[in-house]
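A.B. asks: No letters, just coordinates:
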């Protein structure tokens, strides 16, 4: 399944430059870049879903609890505010 995409001229120039320098075909670079981004987006969505599940289950800390667990003293908190 092939789908044409349109890229801005500046991006095409960057792609050509990197393709030449790395001796990699432009389509291989584009496929790799898209695969990397899709991997990242899938990872991010899983992390967001896990975080939302924690909130729903009540596995959360107040700001004060989190700072205490991180070892931030009251003096440091006032100084940062």
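C.D. replies: Now that the structure is in, tell me what you want to look at. Everything numeric in this text was worked out from a predicted model, so none of it was measured. Numbering: from 1, shown residues only.

A.B. asks: Helix or strand: which one has the residue at minimal distance from the centre of the chain?
C.D. replies: The centroid of the chain falls nearest to residue 40 when counting by Cα atoms, centre = their mean (5.8 Å). Assessed by DSSP states H and E, residue 40 sits inside helix 26-56.

A.B. asks: following that helix, which helix or strand comes up?
C.D. replies: Following helix 26-56 toward the C-terminus (DSSP H and E): helix 63-69.

A.B. asks: For residue 16, what are phi and psi?
C.D. replies: phi -60, psi -40 (degrees, to the nearest 10).

A.B. asks: With residue 4 instead?
C.D. replies: Torsion angles, degrees, to the nearest 10, at residue 4: phi -70, psi 150.

A.B. asks: again with residue 71
C.D. replies: According to degrees, to the nearest 10, residue 71 has phi 80, psi 20.

A.B. asks: Around it, how many other residues sit close by?
C.D. replies: Residues lying near residue 71 (other Cβ atoms under 10 Å) number 7. From N, CA and C alone the C-beta is placed, and that goes for glycine too.
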